[in-house]
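1. quick one: sequence plus predicted model below, questions after.
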Amino acid sequence: MKKIWIALLFFSYAASAQNDTTITISVKGNCTMCKERIEKAAQGKGVHSAVWDIDTKILTLRYDPGATSSEKVQQRIADVGHDTELKTAKDYVYKDLPDCCLYREGSPEHLTHTDGEENVEHSPKVMGVVLEADDKGNLKPLSGANITLKGAAKGVTTSENGFFTISPEDNPAVLTISYTGFKTEEITVNKGDHLNVVLNRKTGLQEVKVVARHRSSYVPAGSGLRTQVITEGELLKAACCNLSESFETNPSVDVSYNDAVTGSKQIQLLGLSGNYSQLTVESMPGPRGLATPWGLNYIPGTWVESIQLTKGVGSVVNGFESITGQVNVELKKPESAETVYGNVYVNSIGKTDLNLNLSTKVGKYWSTALLVHDAFLNNSKVDFNKDGFRDQPTGNLFTVMNRWKFNNNKGWLGQIGFRILSDNKVGGETAFNEKQDKLTTTHYGAGLKTDRKEVFAKIGYVFPEKKYKSVGLQLSAFRHDMDTYFGLTTYKALQDNFYANLIYQSIIGNSNHKFRTGLSFVADNYDETYKLTRYYRTENVPGAFFEYTFSSSDKFNLIAGIRADHNSLFGFFVTPRLHMKYQPAKGTIIRIGTGRGQRTANIFSENTSVFVSSRQVNIMASANGKAYGLNPEVAWSTGIGIDQQFRLMGRRGSIGVDFFRTDFNQQVITDLDVTAREVNFYNLDGRSFANSFQAEINYELLKKLDLRVAYRLFDIQTTYHSELMQRPLIAKHRGFANLAYQTGTWKFDYTISMNGSKRIPTTGDNPVTEQQPGMSPSYTIMNAQVSKTVGNKFPIDLYVGVENLTNFYQEKVILGSGDPFGPYFDASLIWGPVAGRMFYGGVRVKIK
């Protein structure tokens with residue numbers, strides 16, 4: 001009889017197993033507490049196993065379809081507060097979840113960021129949950145546990161659900177966790193970490209699991225756009241006096257001098273100049289228009305909290321101008337920044353930077369920050385190649401910003417602030433004396449005086465009962481006033497700008513279907529005088545946009561946007577954009593994006609390099625042209641990116657590959673190739689395109705020793721005077737490597753960049769002594785930095801470094817330097833470094 005019962009049980013189990021079905025379901029959640037809640041809710045009649053993965057958010061369910069259904073299981077999960085593919089949790093149930101388990105979008109911080117993707121991660125905080133394990137192994141939150149930063153007098157305590165957030169000054173930092181009856185323990189963390197800390201009464205700290213630990217530069221897996229987040233930890237790998245130096249350890253962006261006299265720099269993204277990249281500051285317009293050549297110098301590095309770099313077209317919410325990408329700069333936040341942040345930087349040629357950041361909370365709802373930056377150089381004898389010209393302009397740049405933020409924790413939040421900038425620089429011959437030689441032929445000089453004033457404001461409301469719904473208004477205005485001269489050539493320009501952007505966001509049915517819509521208005525007034533000719537124009541651009549986001553699971557994400565605008569000069573135009581993300585397997589993400597961009601070229605401010613030459617400026621206006629007699633620039637950009645995470649020899653790594661193509665329908669051509677005596681501006685008549693391929697590997701070679709290597713290939717061609725040619729002064733090949741090592745309070749960074757040859761515009765009609773070869777040589781640049789942190793209560797960072805370690809520089813940066821007022825003078829053909837080896841050192845002080 002016993003054997004019969006065993007046989008019956010066996011056949012019964014076998015029959016049941018044959019009827020079992022195994023499926024996967026996307027379930028929203030965050031942490032270990034979510035895992036326990038989801039798996040417990042999934043259990044029931046007919047369910048044989050339910051396992052939810054924290055990283056992928058996928059529930060693997062094995063059940064008997066004859067006894068239950070997937071829909072019933074998903075309903076039980078939704079009933080405890082977790083959205084699934086088919087069911088959405090009730091709002092009141094979701095809001096009762098512990099803080100660490102809240103996964104839906106619509107937070108106040110998200111409302112005032114419109115970078116096109118809600119889940120771009122750039123938090124400077126460490127978040128986590130402190131738990132204890134009972135005798136049965138069940139995890140329970142520890143309320144009131146003390147979390148402090150090592151050396152700090154104050155800290156935070158965990159909520160009733162064991163949740164905490166804390167903002168460390170240093171990266172990495174040491175957390176001290178203490179609770180009555182438990183052993184006090186210390187954990188080393190990095191900014192952005194999400195922790196589960198399980199304490200045991202007998203053995204103290206039993207387990208510390210780092211669920212997510214971000215590198216200093218990374219692409220968030222949740223982002224539908226391929227947006228690279230560059231954190232403060234990455235920025236501190238170099239001196240980073242201003243934004244132009246923030247990309248020294250980034251292989252995607254090139255930063256080069258525009259000429260050999262003014263010291264202005266510009267980025268190149270996807271092989272095209274920064275004119276085609278949209279620069280924003282906290283998702284509002286950054287330096288643009290007249291400020292384009294100098295805009296990177298205008299944002300101090302000590303003001304920057306993080307940078308989000310998006311290749312290709314961005315979100316329609318941010319406007320229509322981005323073509324090759326968007327650089328969004330997040331500044332230090334008044335509510336979370338250091339109370340005092342001071343920095344002093346000095347290099348071997350005498351350039352000095354002084355920075356002071358102050359922040360404080362005012363009352364219950366307000367916080368404020370004052371950011372001050374002063375950079376100056378008085379050494380007019382810096383001349384590495386001994387051509388009689390200063391390699392860097394002398395003078396002073398001073399800027400100050402003050403902003404106030406409001407959050408009443410009941411849905412209302414806002415921000416208001418202002419910024420003032422004054423930049424006075426003098427370049428030219430080392431013997432030039434501005435008081436005596438300005439606008440004379442005694443000595444060649446260049447004077448650049450800029451005054452800029454900005455005001456900005458944001459106000460928003462998050463509906464308390466519907467966190468997914470919010471409305472926000474962004475406002476800004478600036479006046480940019482330039483008064484410059486280059487030898488005997490004068491250029492004066494004034495730009496007044498006003499910007500407004502109204503954004504409403506909500507869902508359609510459930511959180512799988514989100515949308516953002518709104519209205520925008522941009523007004524620009526330009527008044528430029530080149531020599532004796534005045535160029536005046538006004539552009540008013542009202543517009544409307546709609547962006548839909550579909551995210552049924554972590555595997556697939558779609559962002560489709562469209563906007564319609566009317567330019568007072570060029571009429572009505574439509575800007576469609578589409579982004580898709582697909583995750584075929586854990587750790588593998590494929591992103592595809594395409595869209596249109598349009599902008600108006602500012603031919604003088606974007607090509608100031610031609611001012612430091614004897615070239616004749618010719619504008620070949622068209623009959624329909626409205627800006628300098630030229631048409632707007634219109635291009636389509638399409639790209640694909642693949643990111644793969646891996647582990648090798650127990651250490652993490654990633655591989656990223658992307659390809660982008662940009663095709664211009666309309667473009668304003670800057671032609672230096674007809675003759676060395678002229679620069680010609682005209683509308684594109686033919687083809688113009690840019691192909692960009694990049695492969696990048698990040699890997700932890702040894703513990704705390706990170707390696708980043710990359711290779712990039714460009715094919716950039718444009719039709720010049722009816723001939724399709726490679727664009728000048730752009731390297732077709734580039735190699736890159738960065739090593740970063742940290743041990744205790746020491747940090748070591750080394751970067752090497754290998755640049756291929758570049759085509760140089762024709763100089764064949766010059767005398768032989770004033771000619772450049774047709775192609776530049778290849779060259780290699782090396783930079784290194786060492787930093788040390790001393791002190792506990794008030795830590796101080798000491799750093800020293802060297803730029804251009806091999807002392808390579810372009811020897812002939814100026815043609816006709818011996819006769820700067822003659823016909824062959826040209827300081828615009830820059831293909832390599834202008835200055836040689838440079839040492840620097842500095843001190844950073846942070847008081848939380």
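-> Okay, I see it. Residues are numbered from 1 along each chain as shown.
2. for stretch 622-631, measure first residue to last.
-> Terminal residues of stretch 622-631 lie 8 Å apart, using CA to CA, to the nearest Å.
3. for it, buried residues please.
-> Neighbour counts using 16 or more other CB atoms under 10 Å place 625, 626, 627, 628, 629, 630, 631 of stretch 622-631 among the buried residues. Using the backbone N, CA and C atoms, a C-beta is placed for each residue, glycine as well.
4. restricted to helices, list those residues.
-> Among the buried residues of stretch 622-631, no member is found in helices (DSSP state H).
5. out of those residues, which two sit at the greatest distance?
-> Using CB to CB, the pair of the buried residues of stretch 622-631 lying farthest apart is 628 and 631, separated by 10.0 Å.
6. need the contact partners of stretch 509-518.
-> Here stretch 509-518 makes contact (CB atoms under 8 Å, 6 or more residues apart in numbering) with 28, 83, 88, 104-105, 114, 118, 317, 468, 501-508, 544-552.
7. let's see 7 Å
-> Stretch 509-518 is touched from outside by 83, 88, 104, 317, 468, 501-508, 545-552, with contacts defined as CB atoms under 7 Å, 6 or more residues apart in numbering.
8. burial count for residue 691?
-> Neighbour count for residue 691, taken as other CB atoms under 10 Å: 16.
9. next: residue 773.
-> By other CB under 10 Å, 11 other residues sit near residue 773.
10. now do the strands in the stretch 451-600 of the chain.
-> Under the criterion DSSP state E, counting those that start in this stretch, the stretch 451-600 of the chain contains strands at 470-486, 489-508, 510-530, 533-553, 556-567, 571-585, 588-599.
11. residue 230 against residue 306, yeah?
-> Yes - counting by CB atoms under 7 Å, residue 306 is a contact partner of residue 230 at 6.2 Å.
12. now do the shared contacts for those two.
-> Shared contacts of residue 230 and residue 306 (CB under 7 Å, 6+ apart): none.
13. which parts of the stretch 701-848 of the chain are strands?
-> Ranges of strands within the stretch 701-848 of the chain are 705-720, 723-726, 733-743, 746-755, 779-790, 796-803, 838-847, based on DSSP E, counting those that start in this stretch.
14. ChimeraX command for the buried members of the contacts of stretch 509-518?
-> ChimeraX command restricting the contacts of stretch 509-518 to the buried ones, with burial defined by 16+ other CB under 10 Å:
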select :83,88,104,317,468,501,503,505,506,507,545,547,549,550,551
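15. quick check: which element contains the residue nearest the centre of the chain?
-> For the chain, the residue nearest the mean C-alpha position is residue 308 (1.7 Å; CA atoms, centre = their mean). Using DSSP states H and E, residue 308 sits in strand 304-311.
16. who does that strand pair up with?
-> strand 227-231 (antiparallel), strand 325-331 (antiparallel) (DSSP bridges).
17. among those strands, which is nearest residue 397?
-> Nearest to residue 397 among these is strand 325-331 (17.2 Å), distances taken as CB to CB.
18. which outside residues touch that closest one?
-> 115, 122, 243, 269-270, 277-283, 286, 299, 303-312, 314, 318.
19. can you check stretch 809-821 too?
-> Contact with stretch 809-821 is made by 260, 384-385, 387-389, 441, 444, 487, 763, 766, 770, 822, 824-827, 829-836, as judged by CB under 7 Å, 6+ apart.
20. now it, how far from the chain's geometric center?
-> Computed by CA atoms, centre = their mean, to the nearest Å, the chain-centroid distance of stretch 809-821 equals 36 Å.
21. out of everything not next to it in sequence, what's closest to residue 97?
-> Nearest residue to residue 97 in three dimensions, chain neighbours excluded: residue 81, at 4.7 Å (CB to CB, 6 or more residues apart in numbering).
22. kindly apply the preceding question to residue 371 instead.
-> The shortest distance from residue 371 to any non-neighbouring residue, by CB to CB, 6+ apart, is to residue 401 (4.5 Å).
23. contact partners for that neighbour?
-> 371, 417, 419.
24. and of those, the nearest to residue 588?
-> Nearest to residue 588 among these is residue 371, at 40.9 Å by CB to CB.
25. count the residues that sit near the closest one.
-> The local packing of residue 371 (other CB under 10 Å) involves 24 other residues.
26. same thing with residue 180?
-> Neighbourhood size, residue 180 [other CB under 10 Å]: 8.
27. go on, residue 484?
-> Burial of residue 484 is recorded as 19 neighbouring residues (other CB under 10 Å).
28. equivalent analysis for the one 4 residues further on, please.
-> By the criterion of other CB under 10 Å, residue 488 has 11 neighbours.
29. for it, give me the pLDDT.
-> Among the per-residue scores, residue 488 holds a pLDDT of 95.
30. let me know the secondary structure of the residue nearest to it when sequence neighbours are not counted.
-> Spatially, and ignoring its direct neighbours in sequence, residue 488 is nearest to residue 439 (6.1 Å; CB to CB, 6+ apart). Put simply, residue 439 is coil when judged by DSSP: H, G, I helix; E, B strand; the rest coil.
31. any idea how far residue 771 is from the closest residue in space to residue 675 that isn't next to it in sequence?
-> Nearest residue to residue 675 in three dimensions, chain neighbours excluded: residue 765, at 5.6 Å (CB to CB, 6+ apart). Per CB to CB, to the nearest Å, residue 765 is found 9 Å from residue 771.
32. who's more crowded, the two?
-> Using other CB under 10 Å as the criterion, residue 765 and residue 771 rank with residue 771 on top: 17 against 12.
33. all set now, cheers.
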